[in-house]
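**Student:** With the sequence up front, the predicted model follows.
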Amino acid sequence: MTPYTERVVEIIKAIPRGRVMTYGQVAELAGSRRGARQVAWILHSLSEACGLPWHRVVSSKGCVAVKDEEARYTQILLLQNEGVEVDEQGRMDLHKTQYFPSPETEKRG
DNA sequence: AAATTGACGGGTG
DNA sequence: CCACCCGCCAATT
């Protein structure tokens, strides 16, 4: 587990229920503005993802990005259970659901 | 060190 | 709105 990965994990863990963040947003807060794909790679790689609200991370287009149909539906259901309006294609309104953490919040952890 | 992987982002037609 | 392409960067092999 590298420091960068730990940053990403901490940021994702700080996403409140019923809200989402984009990969790019997480990457930027973790210190890499163009590191959206790295965040995706980390989420894919992390088997310890159990315990992480990984389902609260979506693409910038406002849709679920997971490829595996099973995991994809799981993410959609988890979000719906938190009150997020997601359609069958995994699309939602980022204007309603996107979470913008306070600078102090991410600093303290 | 080079190639590969990956759940991205933004622009274009 | 949708399909497609290219650039981006870290971890893994």
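**Tutor:** That came through, no problem.

**Student:** Show me which parts of the longest helix along chain A are buried, residue by residue.
**Tutor:** If each helix of chain A is counted by residues according to DSSP state H, the longest one is helix A:69-81. Buried residues in helix A:69-81, counting neighbours by 16 or more other C-beta atoms under 10 Å, are found at A:75, A:76, A:79. For the C-beta atoms, the positions are set from N, CA and C on the backbone; glycine is no exception.

**Student:** could you dump the residues you listed to TSV with distance to DNA strand B and pLDDT?
**Tutor:** Formatted as TSV, those follow (distance: C-beta to the nearest atom of the strand, whole Å; pLDDT from 0 to 100):
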residue	distance to DNA strand B	pLDDT
A:75	7	96
A:76	12	97
A:79	11	97
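
**Student:** Looking at those residues, which is nearest residue A:17?
**Tutor:** When the buried residues of helix A:69-81 are ranked by distance to residue A:17 (C-beta to C-beta), residue A:79 comes first, at 10.0 Å.

**Student:** Distance of the closest residue to residue A:46 other than its chain neighbours relative to DNA strand B?
**Tutor:** With C-beta to C-beta, 6 or more residues apart in numbering as the criterion, residue A:46 has its nearest non-adjacent residue at 7.1 Å, and that residue is residue A:52. Counting by C-beta to the nearest atom of the strand, to the nearest Å, the gap from residue A:52 to DNA strand B is 9 Å.
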